[in-house]
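> Kindly generate the corresponding structure for this input.
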Amino acid sequence: MWAVATLLAVYTLRATAISCTEARTRCAYRTGCGFALNNYMYLCGDVLSEPTSVCPKPCEHALIALTTAEEGKELMNCQCEDEYCEEAKQRIEVCRSQVVKGAANATSSCRLSQMICLADAQCSTALSYYRQLCRSMYRGRKCSNRCLNSIKILKKQEKAAALTECRCDGDEDFDCPRMQSNLARLCFHKHQKNHTSTHKKAPHETNTSTATSLQFSTFLLFICFVYCFSNT
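Predicted coordinates:
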């Protein structure tokens, strides 16, 4: 009896699952999912091409980001139609445990948090505007009203939630502390002790409350990583 029930469950799952070809197509034509799929194919290329006992961190991140998109989830449960697909699914299993653990702690890495945002069309658009409008802040010049507004809009995106709590990976090829200082000083007015108090601020430069500054402090780390990407 149990054997029959198991067979029926498997049959039902296969009957309801879409083909992997269809799942890939649906994902590829969605702006965010398509980006995540490209990352997955590129960053997991070594894992997909030959058997391995190790799941590289970039591949792990690409998989987590892909599964945050609805169309990406379909790829995880799709029905293979050829041997190549079956082999790829078997090989990527090496990443399963890491992906499960990593997805539960997605806020730990700014690299991963950014990929999750880019896998969502709206969040990706907000991030793109942020990069464009905050270039002067990156260079240590000024934080304009438009830059501040883009940060507020980005924070409103559901898939950007992890960005406010992420940490730099430690492998940046630029001065991360300096970038943190620029954002704190120019956008959130965390002035140095020797900063003069006689400077008259423009309306958009009014001091932010301590609570708000603390809320955004972890966001500094993400800014550094984005700066790296926006200058490549």
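> Quick one: end-to-end length of stretch 76-87, please.
Distance between the two ends of stretch 76-87: 14 Å, counting by C-alpha to C-alpha, to the nearest Å.
> buried stuff in it?
For stretch 76-87, burial by neighbour count (16 or more other C-beta atoms under 10 Å) applies to 78, 79, 80, 85. C-betas here are computed from N, CA, C, even on glycine.
> Where helices are concerned, which of these count?
residue 85 (DSSP state H).
> Columns pLDDT on top of the buried residues of stretch 76-87, output as a markdown table?
Formatted as a markdown table, the buried residues of stretch 76-87 follow (pLDDT from 0 to 100):
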| residue | pLDDT |
| --- | --- |
| 78 | 92 |
| 79 | 94 |
| 80 | 93 |
| 85 | 91 |
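> where's residue 104 relative to residue 46, distance?
25 Å (C-beta to C-beta, to the nearest Å).
> neighbour-wise, which of the two wins?
residue 46 (13 against 10; other C-beta atoms under 10 Å).
> so what does whatever helix or strand the more buried one lives in touch, helix or strand wise?
Using DSSP states H and E, residue 46 sits in helix 45-49. On a contact count with 3 or more C-beta pairs under 8 Å, 6 or more residues apart in numbering; DSSP states H and E, helix 45-49 meets helix 83-92.
> Let me see the residues that make contact with the helix it packs on.
When contacts are defined by C-beta atoms under 8 Å, 6 or more residues apart in numbering, helix 83-92 is touched by residues 20, 44, 47, 48, 50, 51, 52, 63, 80.
> Torsion angles phi and psi at residue 187?
phi -100, psi -30 (degrees, to the nearest 10).
> Quick one: low-confidence residue ranges for this protein.
Scanning the chain for pLDDT under 70 picks out the ranges 1-16, 106-108, 164, 171-177, 179-180, 190-232.
> Can you show me the strands along it?
Taking DSSP state E, the chain contains no strands at all.
> burial of residue 137, as a residue count?
Residue 137, neighbours per other C-beta under 10 Å, totals 22.
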